[in-house]
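**Student:** here are the coordinates; sequence isn't available:
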């Protein structure tokens with residue numbers, strides 16, 4: 001596979017280390033010019049390059065390709081699905097300066113084998129009424145093998161929304177808002193909270209979180225206590241790789257081929 005690497009000038013000295021990792025499996029052309037999307041794709045498409053994919057860890061380029069600051073360490077492992085796909089990678093000096101840097105770089109390069117595979121579409125249903133929530137959740141009350149829960153909070157440290165994923169052989173995804181104006185009836189939110197108190201404290205299905213101590217402290221502020229919280233993907237990841245970062249973004253970047261940093 002032919003690659004174009006858009007990096008920073010100070011990382012040029014690690015071209016030898018990069019060649020050692022690629023081991024002839026990939027032919028890589030290196031550029032240090034900051035680019036927007038149009039210029040980057042034009043560089044990759046030049047006759048002397050003809051890249052099948054682009055590697056990028058140049059923060060000035062990433063700023064023009066993604067939202068936010070374009071920090072390469074945040075975006076590494078993400079695939080940007082342009083006409084020539086872009087795989088975001090960590091700075092090359094991490095190969096030597098970070099204990100797991102070379103291992104991580106090789107792991108990210110393994111995504112080149114599926115870089116043109118379409119991303120899986122995630123479908124979810126926003127809940128708009130108490131009756132809708134009650135009916136849908138009661139359908140899953142006795143059939144789900146486990147329930148995954150993730151809360152989102154606002155700047156006032158109040159719960160904004162809660163994501164619920166029931167698994168019964170298939171995934172069923174729901175987003176439950178915690179603002180009264182998000183419901184059809186103004187008095188629905190107190191009923192929703194009361195239903196969640198009953199549902200989460202009475203159902204035996206295993207409950208799963210990522211760093212669930214955080215989520216459960218917030219839920220307890222609303223009087224919501226989860227029965228059978230016995231699965232936690234952060235703790236499971238720690239059991240596998242205790243020395244690696246454990247954030248949801250990092251774990252997703254390792255386990256999902258189609259991950260995309262969302263912040």
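**Tutor:** Thanks, I have the structure now. If you're wondering where the values come from, they're calculated on a predicted model, not measured in any experiment.

**Student:** list the helices and strands the helix or strand bottoming out on mean pLDDT in the chain packs on?
**Tutor:** Within the chain, no helix or strand scores below helix 15-22, which has a mean of 84 by mean pLDDT, DSSP states H and E. For helix 15-22, the packing partners by 3 or more C-beta pairs under 8 Å, 6 or more residues apart in numbering; DSSP states H and E come out as strand 27-31, helix 94-97, helix 101-109. C-betas here are computed from N, CA, C, even on glycine.

**Student:** show me how far the shortest one is from its chain's centre.
**Tutor:** To tie it back to what came earlier, the one meant is helix 94-97. Centre-to-centre, helix 94-97 and its host chain are 24 Å apart (C-alpha atoms, centre = their mean, to the nearest Å).

**Student:** can you check the longest one too?
**Tutor:** For helix 101-109, the distance from its own C-alpha centre to the chain's C-alpha centre is 18 Å (C-alpha atoms, centre = their mean).

**Student:** next SSE after it?
**Tutor:** Next in sequence after helix 101-109, counting helices and strands by DSSP states H and E, comes strand 125-126.

**Student:** strands paired with that next one, and their directions?
**Tutor:** strand 171-177 (parallel) (DSSP bridges).

**Student:** right, and the helix or strand after the partner strand?
**Tutor:** helix 188-202.

**Student:** show residues contacting that next one.
**Tutor:** For helix 188-202, contacts defined as C-beta atoms under 8 Å, 6 or more residues apart in numbering pick out 127, 129-130, 133-134, 137, 141, 162, 176, 178-180, 183, 207, 219, 222-227.

**Student:** which members of the residues you listed are positioned in helices?
**Tutor:** Mapping the contacts of helix 188-202 onto helices (DSSP state H) picks out 130, 133-134, 137, 219.

**Student:** now these: which count as buried?
**Tutor:** Applying 16 or more other C-beta atoms under 10 Å to these, the neighbour count classes 130, 133, 137, 219 as buried.

**Student:** returning to what we had before: and which of the ones in helices among the contacts of helix 188-202 is nearest to residue 21?
**Tutor:** residue 219 (44.4 Å; C-beta to C-beta).

**Student:** ok, and the closest non-adjacent residue to the closest one?
**Tutor:** residue 226 (6.6 Å; C-beta to C-beta, 6 or more residues apart in numbering).

**Student:** could you measure from the one you found over to residue 8?
**Tutor:** Applying C-beta to C-beta, to the nearest Å, the value for residue 226 to residue 8 is 46 Å.

**Student:** these two - which one has more neighbours?
**Tutor:** residue 226 (20 against 17; other C-beta atoms under 10 Å).

**Student:** pLDDT weak spots in the stretch 151-263 of the chain?
**Tutor:** 263 (pLDDT under 70).

**Student:** same thing but 80
**Tutor:** 262-263 (pLDDT under 80).

**Student:** which ones are touching the residue nearest to residue 219?
**Tutor:** By C-beta under 8 Å, 6+ apart, the neighbours of residue 226 are 149, 200-201, 207, 212, 216, 219.

**Student:** what backbone torsions are found at it?
**Tutor:** phi -90, psi 120 (degrees, to the nearest 10).

**Student:** please tell me how far the closest residue to residue 101 other than its chain neighbours sits from residue 125.
**Tutor:** With C-beta to C-beta, 6+ apart as the criterion, residue 101 has its nearest non-adjacent residue at 3.6 Å, and that residue is residue 94. Residue 94 is 40 Å from residue 125, where distance means C-beta to C-beta.

**Student:** which one's more surrounded, those two?
**Tutor:** Shown here are residue 94 and residue 125; by other C-beta under 10 Å, residue 94 has more neighbours (21 against 13).

**Student:** for that one, report the pLDDT, please.
**Tutor:** Residue 94 carries a pLDDT value of 92.

**Student:** tally up the residues packed near residue 198, please.
**Tutor:** 10.

**Student:** against residue 209, how distant is it?
**Tutor:** Counting by C-beta to C-beta, the gap from residue 198 to residue 209 is 19 Å.
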